[in-house]
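Peer 1: Need the 3D shape of this:
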Amino acid sequence: MSSQSTLADDDLFGEAAAEMREEVESHLADARAALPASDDVWDAEADNVLGVLNALKSALNVGDAEEHLRQAKKTFIVGQRADAFDDPDSLEADVEAVEELLASIEDAEELVGDLTGTMPQLRSQLQEAADADGGGDGDESSEEDADAEAGSDDGDDDSSDDT
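Peer 2: Numbers count the residues shown, from 1 in each chain. Model (predicted):
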């Protein structure tokens with residue numbers, strides 16, 4: 001009777017291992033689905049650099065991808081330690097690939113955040129240098145720049161309709 005019990009246990013272990021692999025793969029698929037679309041990261045519509053940077057920072061949001069990766073890793077580690085997977089190396093490579101992609105996105109998000117803080121400061125420094133150097137023309141460009149920084153005011157183009 002113990003041989004039948006062992007056979008049944010082996011069958012159950014095999015089912016559990018298959019379910020664990022499916023769970024890992026499912027969480028990895030969900031993590032990939034939660035990642036930003038490549039076009040959302042690449043394409044940008046904005047009136048100025050700060051608008052582009054803010055749009056990019058928003059596009060780099062990974063949503064629930066980190067949590068799905070965490071769940072995949074937890075299940076993978078348990079299955080790996082139990083020696084439950086037939087081909088653990090391929091599954092581990094998939095986990096690592098998603099993990100590396102998330103790390104790259106986080107690095108990019110940090111860089112964009114740094115630039116988002118730096119660019120307005122740089123712009124101000126350049127304006128101050130131009131004002132100190134030239135004077136008169138700085139006022140006109142400062143007004144145009146202030147309008148651009150405030151956002152796209154489509155109503156400001158009314159002066160061209162008067163001609």
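
Peer 1: Now for the residue nearest the centre of the chain: which residues touch it?
Peer 2: By C-alpha atoms, centre = their mean, the chain has its centre lying nearest to L60, at 3.0 Å. The contact partners of L60, by C-beta atoms under 8 Å, 6 or more residues apart in numbering, come to 36, 41, 105, 108-109, 112. (C-beta placed from N, C-alpha, C; glycine too.)

Peer 1: Just give me the closest of the residues you listed to G134.
Peer 2: Closest to G134 out of the contacts of L60 is V112 (32.2 Å), distances taken as C-beta to C-beta.

Peer 1: burial count for that closest one?
Peer 2: Each residue near V112 was counted by other C-beta atoms under 10 Å, and the total is 19.

Peer 1: Only whichever of the contacts of L60 are buried, select them in PyMOL.
Peer 2: Of these, the buried ones can be selected in PyMOL as follows, counting by 16 or more other C-beta atoms under 10 Å:
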select buried, resi 36+105+108+109+112
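
Peer 1: still on that earlier bit, quick check: phi and psi at the residue nearest to the centre of the chain.
Peer 2: phi -80, psi 0 (degrees, to the nearest 10).

Peer 1: any chance you could map the helices in this structure?
Peer 2: 2-34, 38-42, 49-59, 65-81, 88-133, 136-150 (DSSP state H).

Peer 1: Turn the ones you listed into JSON lines, columns for mean pLDDT.
Peer 2: Formatted as JSON lines, the helices of the chain follow (pLDDT from 0 to 100):
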{"stretch": "helix 2-34", "mean pLDDT": "88"}
{"stretch": "helix 38-42", "mean pLDDT": "93"}
{"stretch": "helix 49-59", "mean pLDDT": "93"}
{"stretch": "helix 65-81", "mean pLDDT": "96"}
{"stretch": "helix 88-133", "mean pLDDT": "95"}
{"stretch": "helix 136-150", "mean pLDDT": "49"}
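
Peer 1: Now do the same contact list for T6.
Peer 2: T6 touches nothing, counting by C-beta under 8 Å, 6+ apart.

Peer 1: what's the spacing between it and R81?
Peer 2: 21 Å (C-beta to C-beta, to the nearest Å).

Peer 1: E66 too?
Peer 2: On the measure of C-beta to C-beta, E66 and R81 end up 23 Å apart.

Peer 1: Check D9 too.
Peer 2: Taken as C-beta to C-beta, the span from D9 to R81 is 18 Å.

Peer 1: Please apply the same query to E99.
Peer 2: On the measure of C-beta to C-beta, E99 and R81 end up 18 Å apart.
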